[in-house]
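Peer 1: Show me the folded form of this:
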Amino acid sequence: MITDNEILLRLVIAAVIGGIIGFERRAVHKPAGLRTHMLVSLGSALFTILSFGVFANDPARIIAGIVTGIGFLGAGTIFRAKDHIKGLTTAASLWAVSAVGIGIGLGEYFLVAVSTVLILLVLQLNRVEFFREI
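Peer 2: Numbering: from 1, shown residues only. You can find the predicted model right below:
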């Protein structure tokens, strides 16, 4: 059983990391930004923490529900504009930030730290000339 202080720490970390990733999306004027990413990460962490209290024998059921639900949320950020699709990267960032929230809820801090750095690096690829042409 995790302590109240550990729960508080996990929720704060989830909100902060979601905010960092969301800030990048907001900075490039994408439909889901700072608050959305913070809430997705925070909500994923909260559901994960709750799953161990409510469904201690099978917390994977809740985690599977998070993954499915985020897919629907991400779909709302994707739209067709003339001859191309917009919002796929934002949808993927929401999906990734939900995984970060789940990881935080599980207490997997190292995995979350590495994943956050990688997510931020991937989101910067469109600013590198080589990747714009691919």
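
Peer 1: How about residues contacting the longest helix seen in the chain?
Peer 2: Among the elements of the chain assigned as helix by DSSP state H, the one spanning the most residues is helix 4-27. Judged by Cβ atoms under 8 Å, 6 or more residues apart in numbering, the contacts made with helix 4-27 from elsewhere in the structure are 2, 32-42, 44-46, 49, 90, 93, 96-97, 100-101, 104-105, 107, 109, 112, 116, 119-120, 123-124. (Each C-beta comes from the backbone N, C-alpha and C, glycine too.)

Peer 1: Now Gly22. Nearest residue, chain neighbours left out?
Peer 2: His37 (2.8 Å; Cβ to Cβ, 6 or more residues apart in numbering).

Peer 1: List the contacts of the one you found.
Peer 2: Applying Cβ under 8 Å, 6+ apart, we find His37 in contact with 18-19, 21-22, 25, 93-94, 97.

Peer 1: Following element in sequence after the helix or strand hosting it, please.
Peer 2: Under the criterion of DSSP states H and E, His37 resides in helix 34-54. The helix or strand immediately downstream of helix 34-54 is helix 60-75, counting by DSSP H and E.

Peer 1: which helices and strands sit right next to that following helix?
Peer 2: Helices and strands in packing contact with helix 60-75 are listed as helix 34-54, helix 88-106; criterion 3 or more Cβ pairs under 8 Å, 6 or more residues apart in numbering; DSSP states H and E.

Peer 1: Buried residues, the longest one. List them.
Peer 2: Right, helix 34-54. 34, 36-49, 51 (16 or more other Cβ atoms under 10 Å).

Peer 1: okay, the angle between it and helix 88-106?
Peer 2: Angle between the axes of helix 34-54 and helix 88-106 is 40 degrees (criterion: axes from the mean of the first three to the mean of the last three Cα atoms, to 10 degrees).

Peer 1: avg pLDDT for helix 34-54?
Peer 2: Over the span of helix 34-54, the pLDDT mean works out to 93.

Peer 1: Done for today, thanks.
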